[in-house]
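Asker: Structure for the following, please:
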Amino acid sequence: MALQALVPSSFLQSVSLSFTKVHPNFFYNNQLSCKTNSPSKVLCLAYKNNQENDRPLGNFRPTIWKDGSISSPVLEVETYDKLNEEMKDHVKEMLVASRNDPVEEVVLINLLCRLGVSYHFENEIEERLNHIFEMQPDLAAEKDCDLYATAILFRVFRQHGFNVSSGVFNKFKDHDGNFKESLTSDARGMLSLYEATHLRVHGEDILEEALTFTTAHLKSMAAPNLDQNLAKHINDALEQPLHMGVPRIEAHKFISFYEHDDSKNDTLLKFAKLDFNRVQLLHQQELAYITRWMKGLNFGSTYSYSRDRTVEIYLWSVAQYFEPHFSRGRIIFTKIYLLLLIIDDTYDAYGTFGELQRFTDAVERWDINCVSELPEYMKPLYGALLNLFDELNNELAEEGRSYSVSFTKDMMKGVVRAYFVEAQWFREGYVPPFDERMSNAIVTGTCFLDPAAAYIGLGDIAGIDAYEWLRSQPKIMTASFTLSRLIADLVSNKAEQERGHVASVVESYMKEYGTSGEETAEEFKKMIADGWKDINEECMRPTIVPMRLLNVIVNIARLVEVFYKKMDGVTNPEYLKDHVTKLFIDPILV
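Answerer: All right, here's what the predicted structure looks like:
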């Protein structure tokens, strides 16, 4: 399919964690809920009486991206399309030729996944993995499979939802039950095992041991004694494990590693490079369109207090799904979140309590007539929000999918309602108990809005049943959203408290359990690890919903792991600059 056909014409023209589920009232009840009369209420030591004329300005950093920083040379599109289709046929032939050796076939599938081109062969990969698993379920346990191949087989099958036993790694243990010391001389095999351990579920002690074993030895491997490319690959994996990374970012990194691999297949490498650049052109076009849309809202300087993060929010959507056929989904998602970012900053860093109360009520009523009751600066934002959802509803109604817009609107109302709860807590100096704070933080972190908005762009696979599944708050959602919130708060807590913010999840935990900051961080890390085990467990076949829907939930956790690894990447755009440059600006040299 030509790239132009995937782009709207207007583009080219212009856990087992202990938290309870979030109460449904956050999304479906017209009454605001704030437990400020709870007997467990305690006052913040740094109590702030937010008077009507107080504006807690955030003083956010300006955008680092200027107009024209990201552009797309449209004339190159047809060239990439033609070359890409030719190379795709060659790669498909490689897949067919590998069928004589199931290990070789799975290793090839792994390469396609890591190079970011597996989406071209989804049906073929699904069919072949099913066939291999049914015919040879113990393939990875066979003695002639070395550590490298065994770990790849385990990871690829687990990654696609097949419940391969972690017992396949017992063959690499000695008589004392420890991993053989001889393995430490196999750097490539150790790296492969390390990556496989992140697919573990609860009770898999052997993978816990393998993680400890590989981490310690990979860290101690002397770089001078290793191939430079492999050493860089190891250091990168220790910093960011593959399974917890954003797929598009990981693909770019692996293309670089694979290019310097002596065993590389030149055809596969060239195809991956061409495809990356081809998709990058589409992303550039989408981003240009979204930038024009945002300017077309004519907000001017009305919201200069808010973060200007068009590029970073678009990157968030790409982290959800980067494939060309989800173009509309990325655009819809980014539009929703650009407006939400202004709303978030209005509650956090500008609006007075009275103004926030009126805006919350207006969103709850969702009626354009409410605009007359809002302060002047809030009117354009409120109008844009209602107009966007009206447009989406009209568009999706023609496809019989207006339910997706209705559900997403309910989630948006829930987020705004939760924002106001935090405003009430901050105004009263209330530090809620950990579970109460966590339940609200999951909502303000848009953990329920995120998949609802992303599912709009998935088409028919995200039917009414998918949204009802979201409404039930399944275990994978609880795990993904909880660990996401813990990761984000660990990083952003200090900065938020310095500028004046409601007590964070970190502070609630420390207050309730009497822990230090370091102790709290260690406990959160354990909860995050358990959350990933829950996620992995819920992705095992048979699954309640298709894997594509589960991947959206998993990718939420992944993007938070990346966006908040060392600091808040949305608030501090310099942190994501390297990712933006590689994904949206610089093509890969072919």
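Asker: only C-alpha atoms for contact and neighbour calcs from this point on.
Answerer: Fine.
Asker: After the strand or helix carrying E519, which helix or strand is next?
Answerer: For E519, the host element (DSSP states H and E) is helix 517-538. Counting by DSSP H and E, the next helix or strand C-terminal to helix 517-538 is helix 547-563.
Asker: Just want the angle from that next one to helix 517-538.
Answerer: 160 degrees (axes from the mean of the first three to the mean of the last three Cα atoms, to 10 degrees).
Asker: which helices and strands sit right next to helix 547-563?
Answerer: Counting contacts by 3 or more Cα pairs under 8 Å, 6 or more residues apart in numbering; DSSP states H and E, helix 547-563 is packed against helix 310-320, helix 449-456, helix 475-499.
Asker: which residues touch the helix or strand just after it?
Answerer: Reading on from helix 547-563 to the C-terminus, the next helix or strand found by DSSP H and E is helix 577-580. The contact list for helix 577-580 (Cα atoms under 8 Å, 6 or more residues apart in numbering) reads 249, 311-312, 315.
Asker: cool, stretch 168-175 as well?
Answerer: Residues outside stretch 168-175 that contact it (Cα under 8 Å, 6+ apart): 138, 140-141, 143, 147, 150, 179-180, 183, 206.
Asker: which stretches of the stretch 151-300 of the chain aren't confidently modelled?
Answerer: Applying pLDDT under 70 to the stretch 151-300 of the chain flags residues 222-224.
Asker: Repeat the analysis, applying 50 as the threshold.
Answerer: Of all residues in the stretch 151-300 of the chain, none has pLDDT under 50.
Asker: still on that earlier bit, nearest to V415, of the helices and strands packed on helix 547-563?
Answerer: Minimum separation from V415 across the helices and strands packed on helix 547-563 (Cα to Cα) falls at helix 449-456, 7.6 Å.
Asker: elements contacting that closest one?
Answerer: On a contact count with 3+ Cα pairs under 8 Å, 6+ apart, helix 449-456 meets helix 327-349, helix 402-428, helix 547-563.
Asker: now, of these, which is deepest in the fold?
Answerer: helix 402-428 (a mean of 23; mean count of other Cα atoms under 10 Å).
Asker: ok and that helix relative to helix 449-456, angle-wise?
Answerer: Going by the same axes, to 10 degrees, helix 402-428 makes 160 degrees with helix 449-456.
Asker: and the angle from helix 402-428 to helix 327-349?
Answerer: Interaxial angle, helix 402-428 versus helix 327-349 (the same axes, to 10 degrees): 20 degrees.
Asker: Just put the helices and strands packed on helix 547-563 in a markdown table and tack on mean pLDDT, mean neighbour count and distance to A418.
Answerer: What follows is the helices and strands packed on helix 547-563, written out as a markdown table (pLDDT from 0 to 100; neighbours: other Cα atoms under 10 Å; distance: least, Cα to Cα, whole Å):
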| stretch | mean pLDDT | mean neighbour count | distance to A418 |
| --- | --- | --- | --- |
| helix 310-320 | 97 | 24 | 21 |
| helix 449-456 | 98 | 25 | 12 |
| helix 475-499 | 86 | 21 | 14 |
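Asker: mind giving me a markdown table with these and columns for distance to E436?
Answerer: Formatted as a markdown table, the helices and strands packed on helix 547-563 follow (distance: least, Cα to Cα, whole Å):
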| stretch | distance to E436 |
| --- | --- |
| helix 310-320 | 27 |
| helix 449-456 | 19 |
| helix 475-499 | 13 |
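Asker: G167: which of these is closest?
Answerer: Across these, closest to G167 is helix 475-499 (Cα to Cα), at 24.5 Å.
Asker: who's in contact with that closest one?
Answerer: 15-17, 21, 56-58, 438, 441-442, 445, 447, 470, 503-506, 521, 524, 527-528, 531-532, 534-535, 538, 553-554, 556-557, 560-561, 564-568.
Asker: out of these, which are buried?
Answerer: 15-16, 21, 56-58, 438, 441-442, 445, 447, 470, 503-506, 521, 524, 527-528, 531-532, 534-535, 538, 553-554, 556-557, 560-561, 564-565, 567-568 (16 or more other Cα atoms under 10 Å).
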